[in-house]
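> Quick one: sequence plus predicted model below, questions after.
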Amino acid sequence: MNLYSMLAARHAEGRPVRVGLIGAGKFGSMVLAQARKIAGYHIVGVADLDAGKARASLKRTGWREEEYGARSLSDAIDTGRTFVTEDAAALCAFEGIECIIEATGHPIAGTRHALMAIDGMKHIVMVNVEADVMCGPILAAKARARGLVYSMAYGDQPAFICELVDWVRSCGFELIAAGKGMNFEPRYRYSTPDTVWGYFGWTEEEVAKGDFNAKMYNSFTDGTKAAIEMAAVANGTGLDCPADGLAFYPSGLQDLASVFKPISEGGRLPKAGLVDIAASQEPDGREVLNNIRYGMFVTFKAPDAYTRDCFKQYGLLTDKSGWYGSMWRPFHLIGLETSVSVLSAVLRGEPTGSSKEYRGDAVATAKGDFKAGDMLDGEGGYAVWAKAIPATISSEIDALPIGLAHNVKLKKPIKRDQVVRMSDVELVDDLDVVELRREQVRTMGPKSEAAA
């Protein structure tokens, strides 16, 4: 609760927190929009494969051209301005930067950038949940071994869920479930970039006028993004993914404590201790009353009758028994809030959520029947959706993480809703990241625990 005071003290001493941003897309633009308004918070460099795009993002978010006109990273330090580059490696290696924000959304690139940042002795705020769910546990372990912070991004839903989980445990309540709201119906599962806009109710003309990425929007629609984020939350909290993937139970605020508790207690969960989604749509398309489409939640149980009575006395929303309660945050502002993670890492040495163990996985699952020789096109595409499952199952079947399912060729035929295995595809490129992933499974996965 004192980050601003700590930052103000450093600013008064002439020692701003110095940051490098990789990726100037929507999330990066939101980071930039707020950065120039925070005294003592200096974006030293912005790296993007398209430097022109990065400059356009800076201009669009209110930066004056002279503010991002530094001639080099060193010049940026000397002048307090910002340097735009296409060289992410230089950003990670530059001694004057304390923290890297990885916001590319590309799982392979994000993993490599994290390794570069660790080599360069930089804290990492991993906006890139795609990379985090694939290799986050081992990246976080490598960062900790160097005395560095590897953090989820405050403003994004996984970090907020981790914060709510920490609150439950710090209060001494029994944690039952955690998750987020989302617009989802079962028919969305097989959406493709060609059909996605219909689910948003947008016309072709409306789409043509905007700057929309069909695969990105489709990842949210078909449930892939939910699987990625919930598996990351499992890795950061010690909760589990459901054995057969997320159920997307429709629920409004008034029903969270009734729905997200075990079946044995009248709820819908197979057991306590799971992550899942509160869908904002009923299966038939009707909107759920008081849904939390943009929010995050936890459910928990009172440890004794006295605490249960206190729940009632202070107006907590509970189930009918009064034993199970819920707490939530209604909104998240993604990149507009990510400075909190940077300041927490640099000033406190603490992450705002971090992958601590390899417990959940988001694995590629077929959207249709495909034959040998067909290509998978990754997150939000035509061929696969991501399923959130426990790492025990993923490791046992050697499942293909969704982050490695882009532009790979099938060696074997697969059927609709079949989880794709590593042995089903030709992994030719990105073998460094494949090996890092295998190292994580080998050293941090359930099999290694059994062997021990």
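In hand now; what should we look at?
> Strands of the stretch 1-150 of the chain, start to end?
Ranges of strands within the stretch 1-150 of the chain are 17-22, 41-47, 83-85, 99-102, 123-126, 150-152, based on DSSP state E, counting those that start in this stretch.
> Can you tell me the number of residues neighbouring the closest residue to residue 276 other than its chain neighbours?
In this structure, residue 276 finds its nearest non-sequential neighbour in residue 179, 4.8 Å apart by CB to CB, 6 or more residues apart in numbering. (Each C-beta comes from the backbone N, C-alpha and C, glycine too.) By other CB atoms under 10 Å, 31 other residues sit near residue 179.
> Please report how far residue 179 lies from residue 298.
Residue 179 sits 8 Å away from residue 298, taking CB to CB, to the nearest Å as the criterion.
> Quickly list what's touching both of the two.
residue 161 (CB atoms under 8 Å, 6 or more residues apart in numbering).
> if we can go back for a sec, closest to residue 354 out of the strands of the stretch 1-150 of the chain?
Residue 354 lies closest to strand 150-152 among those, at 5.6 Å (CB to CB).
> Mind giving me the packing neighbours of the helix or strand just after the closest one?
Next helix or strand after strand 150-152 toward the C-terminus (DSSP states H and E): helix 157-171. Here helix 157-171 touches strand 150-152, strand 174-182, helix 224-237, strand 296-301, strand 324-329, going by 3 or more CB pairs under 8 Å, 6 or more residues apart in numbering; DSSP states H and E.
> How is the protein partitioned into domains?
Structural domains annotated on the chain: 3-156+335-348, 158-184+223-331, 360-445, as defined by automatic domain parsing.
> Make JSON lines out of the ones you listed and add mean pLDDT.
Output for the domains of the chain, formatted as JSON lines (pLDDT from 0 to 100):
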{"stretch": "domain 3-156+335-348", "mean pLDDT": "97"}
{"stretch": "domain 158-184+223-331", "mean pLDDT": "97"}
{"stretch": "domain 360-445", "mean pLDDT": "95"}
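> gap between stretch 274-285 and the chain center?
Relative to its parent chain, stretch 274-285 has a centroid offset of 19 Å by CA atoms, centre = their mean, to the nearest Å.
> Flag every buried residue along it.
274-281 (16 or more other CB atoms under 10 Å).
> and if you look at stretch 226-245?
For stretch 226-245, a neighbour-count test (16+ other CB under 10 Å) marks 226-237, 239-242, 245 as buried.
> circling back to that earlier point, for the residue nearest to residue 276, give its distance to residue 231.
12 Å.
> anything in contact with each of the two?
residue 275.
> What's the mean pLDDT across stretch 185-192?
Stretch 185-192 shows a mean pLDDT of 93.
> Name the residues that touch it?
Residues contacting stretch 185-192 (CB under 8 Å, 6+ apart): 199, 218, 221-223, 248, 279, 281-283, 285, 367-368, 381-382, 385.
> Tell me which entries of these lie within strands.
Using DSSP state E, the subset of the contacts of stretch 185-192 located in strands is 279, 385.
> ok, for residue 426, nearest residue in space, not its chain neighbours?
residue 409 (4.7 Å).
> Can you tell me the SS state at the one you found?
strand (DSSP: H, G, I helix; E, B strand; the rest coil).
> List the beta-bridge partners for it.
Assessed by DSSP bridges, residue 409 has beta-bridge partners residue 375, residue 426.
> about what we covered before: quick check: beta-bridge partners of the residue nearest to residue 276?
Beta-bridge pairing of residue 179 under DSSP bridges involves residue 276, residue 297.
> That one is in contact with residue 275, isn't it?
Yes: here residue 179 lies in contact with residue 275, judged by CB atoms under 8 Å, at a distance of 5.4 Å.
> what residues do the two have in common as contacts?
Contacts common to residue 179 and residue 275, judged by CB under 8 Å, 6+ apart, are 161, 230, 233.
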